[in-house]
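Visitor: Take a look and give me a structure for this.
(2 chains)
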Amino acid sequence: MLGKLIEFHSIGELPDSPITQGTTLWNPTGTWRSVRPIHMARLSPCLLGCPAGNPIETFIRRIEEGDIDGALAVIREENPFPGICGRVCFHPCERSCNRGSMDQPVAIHELERWVADHGSWRPTVSEKDKGKHVAIVGSGPAGLTAAYHLRRMGYGVTVFEKERELGGLLRYGIPSYRLPKDILDREINILREMEITFITGKTLNESDLDDEGFDAVLFAVGAQDFRNPRLVRQVGEGVWQALEFLKKVNESGITSLKGKVVVIGGGNAAIDAARCALRMGTEVTVAYRRMREDMPAFDDEIEAAVEEGVSFTFLAAPQVVKRDADGKVTGVGFTRTIPGEIDASGKHEVTIDPHDTFSIEAETVILATGEKPADLPWDVEPKSDTNLCETDRPNVFVAGDVVGTQRTVAYAIGWGKRAAVAIDSYLQSREVDFRKITLPGGEGISMRAYLGSFEIPDGEAVPFEEINEFYFPDVKRTKARQLPLKQRTAGFAEVVKGLSRPQALKEASRCFHCGDCVMCDNCLIFCPDVAITRTNDKEGYEVDLDHCKGCGICARECPRGAIVMVEEKI
Amino acid sequence: MKKVLMGNFAASHGVRLSRAQVISAYPITPQTHVVEELSAMVARGELNAKFIKVESEHSALACCIAASVMGARVFTATSSHGLLLMHELLHWASGGRLPIVMVAVNRAIAPGWNIWNEQTDTLSQRDTGWIQLYCASNQEILDTVIQAFKLAETVKIPVMVIYDAFILSHTYEPVDIPDQGLIDTFLPPISNPEALTMEKAQAFGSVTNPDFHMEFRMKLHETYGRVFEEFEKLEEEYSAQIGRKYGIIEPYRCEDADLIMITAGSLAGPSRMVVDGLRKKGIRTGRIKLKLFRPFPSEALREALKPAKKILVLDRNLSPGTGGIFAHEVRAALKGDTRSIWAFVAGLGGRDITPDLIESMFFDALGAEVPISETIFKGVRL
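Guide: Take a look at the predicted model:
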């Protein structure tokens, strides 16, 4: 209201200029408004970029708050294996990071790894026993992830692994200089602590299903079959199939190789095999039939291989493994290929020029021309929409590389989550709408959304244009320390050393926190009408709509696009 | 102490002697030296002031306004486009009754891009409520800056101290720098009991509805009436201590003059020379230098112009379609007067106004009873 009424009797009594010691609350400027600001939790692009549905922005915020366990808890609500992902994931999240449009993306994978290596949070298991038991065949990332989430929901879980040890591709496919075995064991041990039963050296027979009392079965058996039938005939003395080779190396079954090695292929298995062979003191050439840009292997891995001294030959199509009279491998015969247009897969089509042939000397040849899933056991048929993880039998489910085409750890974890959701909804006889728990435009699903502790915001991720760069000073992306080159190739010690605490905090501070209010008070400071205040619980803001004119300054000055101006409905 | 100083440095010394507490400015030719030297003085510890760097003239004056509301003695300086960018805030300062002092160096306005002397920049700000004082020498600049603070703080109206680009700003002249002790006596520390303090919450420039806005404007207008006597009073005081006095107008040999020329700024010098020369030829001429332009000294002018048969006005500025701005103001002041007024516009955009050109204006007025046109452009090439 107007307050005390002052009467002036002459111009002289009037102050020199309009001064008030009252407020402007009497003037409800809110009536001028046609748009109103709304503080919104919006999607950040990193979250959508993660096939495993990692709540990246949230865990980085916990790091900034100094709450490492909180950060670890947030990740493990979705993804049981941050120590593994932080090391081996190809981090597509960083490609979608808005900071990349300003300088370089936040080093998300390094932060995830740092949280996993320094946090101590342990997952809890639902106190309410669901009274049902699930069998999971295969202990790779998909199978273990499904086991983890089902166990957390309160199911009994038994994992069957045909090999001697757990981990599948994580143990037998990925070399220890990328993923040390003790890190793998550390993360698997967390599942042991949750009382998941593990049976190794054994698979589950169809006949045992009822006897064992399993209510559902998940096949997450991976993809290990060799894909190139013409070359597979040449496997033998001196010629390896890449996954077999890596498995042997990982089991420490081979410790030395001789002479020159040719690796054929351009995927991650090829690079892994090449870098392993290099570590055994050989000279290694990777031969790929397309161009450098077409290689499916992760760029970081290719660059590391080049640094370490692996040679590359492109546009080389393998024709024959050459052997001498004694059957000893002497090299590989290639024909040159000619690159053409880019095909549907985004790679250059190549045509073989049969007249242009050449050889590369080698004592050992490793064939890394890709793998494919084996046929599913029990003559099970997946349903046509494989994303639902269902098969032609109601109690049998599939997940991971055995049905997926994107064969990476992050995708496998995503599969494991979907399988857990599918099995839970089957066992609880409940319909599940995957659209409601799938991150929009993204690949991953949100387990927290499925369990009801998180609501996926509507709309698209905050685009870079809505980030107010002014508030983000230049800070270069932190590069983790690496083992010196000489020490790297001398053995299988981990190459990347991880961040120090100051490095991690500095890197975390580079995060824009796209679309998520961090209570920076910018809106409150800039509001010309003093119409924004902190809520009583100090966990958010309130807009005084009696006085907010809808000028939009708060939204403009919000560093991270967490305020949206919405038109008033008339 | 006498020093050879360019006009810009004379202004800096005036600000230093006035013990300004907050200075905020943005550099623009030909004003730059003024604040460059002041920032150096602050850095060297010769002036205990807060020097605020900003990204535009608009922000410079905004800073000055805030500091002045807090009760500080505040200074800024600008020129030409910088002054035009301040336009909105000029009103805020005068309407807020804030005793800010500004140096404005007269420079032409684009297009075409021109850094040289012309008075249109300050004259086009005549309705912003600022007092305007035009200077004719470097000594006058120094003295006027000091006087401006006293005047501004007495009537609570901001003051522009104005002088010509290059002709004064960049030209060296001997300048007497008064003792600090004398200036401290003349200009005691600023006091404003209504200033904003951390203890007393107040809002300034708040919404004023139709029921009072007009009264505030009336009050500002009426206070303007006091400027003549307050200025004369402080000039008496200043001359008693320092020994120099300029007057709101300076008539020269007008007592028996048939032709009197009115002009302002550095043109006061050459026009006086021309008057002396014509007197030698037996032509009775005089000239009036205008120092105070806002408020306009109509009464003093009417008095000084009494002997004249014809009145000449020399404008180094132009209000397109109207003519010279001083001439326009003189005509308004002489409303009802039947004497012919010869309104000359010359020297725009820094073109030289030579004594010969000024002399030819007197002969123009001698050679006809009435001017050939309302505005006469002189020294035009085409």
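
Visitor: Please make it C-alpha for all contacts and neighbour counts, starting now.
Guide: Fine.

Visitor: Contact partners for the residue in the stretch 51-200 of chain B positioned nearest to chain A?
Guide: Here the residue of the stretch 51-200 of chain B nearest chain A is B:G96; by C-alpha to the nearest C-alpha that distance is 5.2 Å. For B:G96, the contact set (C-alpha atoms under 8 Å, 6 or more residues apart in numbering or on different chains) comprises A:16-18, B:204-205.

Visitor: how about a cut-off of 6 Å?
Guide: Residues in contact with B:G96 (C-alpha atoms under 6 Å, 6 or more residues apart in numbering or on different chains) are A:S17.

Visitor: same deal with the one 4 residues further on?
Guide: Residues counted as contacts of B:I100 (C-alpha under 6 Å, 6+ apart) are B:74, B:158.

Visitor: Could you pull up phi and psi at it?
Guide: phi -80, psi 140 (degrees, to the nearest 10).

Visitor: State the pLDDT value of it.
Guide: The score at B:I100 is 98. That number is its pLDDT.

Visitor: give me the number of residues near the nearest residue to A:S311 once chain neighbours are set aside?
Guide: Distances taken as C-alpha to C-alpha, 6 or more residues apart in numbering or on different chains place A:T285 nearest to A:S311, at 4.5 Å, with adjacent residues excluded. Counted with other C-alpha atoms under 10 Å in any protein chain shown, the neighbours of A:T285 add up to 22.

Visitor: my guess is A:T285 meets A:A316, correct?
Guide: No: the criterion here is C-alpha atoms under 6 Å, and A:T285 misses it with A:A316 at 11.6 Å.

Visitor: ok, now how distant is the residue of the stretch 51-200 of chain B closest to chain A from B:P320?
Guide: 31 Å (C-alpha to C-alpha, to the nearest Å).

Visitor: do A:D375 as well
Guide: 91 Å.

Visitor: okay, those two: which has more neighbours?
Guide: A:D375 (13 against 8).

Visitor: contacting residues for that one?
Guide: With C-alpha under 6 Å, 6+ apart, A:D375 has no contacts at all.

Visitor: about what we covered before: may I have the beta-bridge partners of the residue nearest to A:S311?
Guide: Beta-bridge partners of A:T285, counted by DSSP bridges, are A:V262, A:S311.

Visitor: I figured B:R284 hits B:C254, correct?
Guide: No: using C-alpha under 6 Å, B:R284 makes no contact with B:C254, being 8.7 Å away.

Visitor: who has more neighbours, these two?
Guide: Between B:R284 and B:C254, counting by other C-alpha under 10 Å, B:C254 is the more crowded of the two (22 against 19).

Visitor: In three-state terms, label that one for me.
Guide: coil (DSSP: H, G, I helix; E, B strand; the rest coil).

Visitor: And for residue 56, the neighbour number?
Guide: Picked chain A for this. 25.

Visitor: was after chain B, sorry
Guide: So B:S56, with other C-alpha under 10 Å, has 15 neighbours.

Visitor: Ramachandran angles for the closest residue in space to it that isn't next to it in sequence?
Guide: Among residues not flanking B:S56 along the chain, B:Y26 sits closest, at 5.8 Å (C-alpha to C-alpha, 6+ apart). Note on B:Y26: backbone dihedrals following degrees, to the nearest 10 are phi -120, psi 130.

Visitor: confidence score at B:Y26?
Guide: 97.
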